[in-house]
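**Q** what shape does this take:
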Amino acid sequence: MYIPRPPPLSPTASPAERFAHIIGMLCDAVAARGPGGVLPTPLLLLLWGRLRRMATRVTRAAARLAAGIQPRAPRPQPATPRPSRPQPLRLPRKYAWVVVEVPGTAAYGNYLQALLADPQMAPLAAIPSVRRMLNPLCQMLGVPARASRPPRAPRCPAAVLPPPPRDRLGDRPAANAPPPQATPVAA
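**A** Numbering: from 1, shown residues only. Predicted coordinates:
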């Protein structure tokens, strides 16, 4: 089976441009196999629109990051819940469902995983709104969830004090152990 490879980008392409390119090629692959193929047209349009919105949002977030604008604080939730509307069609939520449903799209998961491993992508992937978009994208392409998370700073190990030495019976402190300290009791 032929696995499409995206045409090369310029060597100076930013991570956002590379992301938009991967999404564009994925949309092309899905659209080529969709109508009259493996995906019903409403599901194809829903997937295609979601992927395009993801590319647009990541591009905007990268532009805000380059301009030095801080990410927006999340909007407060309304006090009264909105009335629920029936949603006739939703995208599946299974792991790697796009790869299973549309043959030839597994390569785009690999491209996305390589992009997320790039250190230049880390500041962009650390933005909460981008991270919230990357998680379902990784889910639908079968990319491990760890790939969409920015690397954590190493943690310092907690100071662990060794237990006091015990004699062979294990129930009494050893003879050379310091006596236990009495704690004052507040009256």
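**Q** would you mind listing the residues in contact with residue 50?
**A** By Cβ atoms under 8 Å, 6 or more residues apart in numbering, the contact list for residue 50 reads residue 91. Bear in mind the C-beta positions are built from the backbone N, C-alpha and C, glycine included.
**Q** how much space between it and residue 82?
**A** According to Cβ to Cβ, to the nearest Å, residue 50 and residue 82 sit 21 Å apart.
**Q** same check on residue 42?
**A** Residue 42 is 24 Å from residue 82, by Cβ to Cβ.
**Q** which of those two has more neighbours?
**A** The residue with more neighbours, out of residue 42 and residue 82, is residue 42; 10 against 6, by other Cβ atoms under 10 Å.
**Q** confirm the more buried one sits in a strand?
**A** No: counting by DSSP: H, G, I helix; E, B strand; the rest coil, residue 42 is not found in a strand; it is helix.
**Q** what's around the residue nearest to residue 52 when sequence neighbours are not counted, how many residues?
**A** Residue nearest to residue 52 in three dimensions, not counting chain neighbours: residue 27, with 6.5 Å by Cβ to Cβ, 6 or more residues apart in numbering. The tally of other residues near residue 27 (other Cβ under 10 Å) stands at 19.
**Q** residue 58 too?
**A** As a burial measure, residue 58 scores 24 neighbours (other Cβ under 10 Å).
**Q** before we move on, which element is residue 17 in?
**A** If you go by DSSP states H and E, residue 17 is part of helix 15-33.
**Q** and that helix, what does it pack against?
**A** helix 41-67, helix 106-117 (3 or more Cβ pairs under 8 Å, 6 or more residues apart in numbering; DSSP states H and E).
**Q** please redo it, this time with the cut-off set to 10 Å
**A** The contact analysis (3 or more Cβ pairs under 10 Å, 6 or more residues apart in numbering; DSSP states H and E) places helix 15-33 against helix 41-67, helix 97-101, helix 106-117, helix 122-125, helix 128-141.
**Q** which parts of it are buried?
**A** 15-16, 18-23, 25-27, 29-31, 33 (16 or more other Cβ atoms under 10 Å).
**Q** pLDDT on that helix, on average?
**A** Here helix 15-33 scores 88 as its mean pLDDT.
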